[in-house]
Every structure is written in structure tokens, then in C-alpha cells.
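1. Need a 3D model of the sequence below.
(3 chains)
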Amino acid sequence: MSKRNFYEQVYAVTRRIPKGKVTSYGRIANMLGAPNAARAVGYALRALKDKQNDPTYDDVPWQRVVNSQGRISIANRDFGAQLQAELLRNEGVPVSEDLQINLDNYLWSGLHWFEIDDILQKTKNSDNV
DNA sequence: ACAGTGACAACAT
DNA sequence: TATGTTGCCACTG
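-> Residues are numbered from 1 along each chain as shown, chains lettered A, B, ... in the order given. Next up is the predicted model:
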């Protein structure tokens, strides 16, 4: 299909974020070897909105990705920020009223190199996921 | 092929 | 601390 590997890689990493933890767009980009692709990561997650009817992506916990400051994106505020905050709270992640999360306590430690390698292999030139 | 866009991030005022 | 600016990358008409 039209989807590129990068999307799948982002989704794959996001799926590994454990319940009760969060990470940032930039950190995901870093894990995928594209340290400057934070915006692209956000773009990929935003695209999930157009895939809501696709069961393939129902299990992507997009709410566990916030910006580098541990804050839910402002641009998202008007339509999805509150939902994201609610989903996180339901998972046991405290979110302040100004949409801030304490990264000292809830930041995901990330994947190990071999786990990332596994993702890169599985997402290589395939429409299958 | 090319210019525009966005759920980012770092730096500058 | 709070805005504004600039660089990035992948995706889209």
C-alpha cells in the first residue's frame, strides 16, 4: 500500500511502550536511527486517525507518546488532548491540568538494540504487519 | 518533480 | 518563564 516502512516502524515501537509509561516523539525517532525525524513521528501517529477503522492499528497506544517536555502537544489540545490525558490517567499515569506528565517517574526506558533490530527486520519492505 | 504541511525539538530573544 | 524562529523528516497533492 502507500504506507512506508517508517510508519510501520513508528507503530511497532509505540506498541512496545508498556502500559503506565510514556516516551517522546524524539526518543522514538532516535530509536529508529533518525534523530531528527521527531516531526515525522508525530505525523505517523497523527495518521492513525485516518486508520481508525483498520483493526491492524487498533492496538497502537498512541496516547503514550508526548513531547520532549513530557507534555501533551498543544496543537492537539482542541480535539484530542483531553482524550489523551484521560486515556493516560486510566492507565495510571498522572497528568496535570496543564497536560504535563512527570517524566522522572513515568518515562519509558526504551528498547534495547536487539529489539530495535528485530523491528527493523520485520518492517523491511513489507505491506504485511 | 516540487512545494506545502505537521500530535517535534533545539535554540534564540 | 514565555514566545518566536529555524532545521528536520516523511508524506501528500
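
2. Show me which residues of chain A sit near DNA strand C.
-> Applying CB under 7 Å from any atom of the strand, we find that chain A lies next to DNA strand C at A:2-7, A:34, A:36-40, A:43-44, A:47. Bear in mind the C-beta positions are built from the backbone N, C-alpha and C, glycine included.

3. and A:A12, that's in a helix?
-> Yes. Assigned with DSSP: H, G, I helix; E, B strand; the rest coil, A:A12 falls within a helix.

4. What score does it have for pLDDT?
-> Listed pLDDT for A:A12 reads 96.

5. so how far is A:K122 from it?
-> Counting by CB to CB, to the nearest Å, the separation of A:A12 from A:K122 is 7 Å.

6. cool, A:D54 as well?
-> Distance, A:D54 to A:K122, using CB to CB: 18 Å.

7. now A:D104
-> With distances taken as CB to CB, A:D104 is found 33 Å from A:K122.
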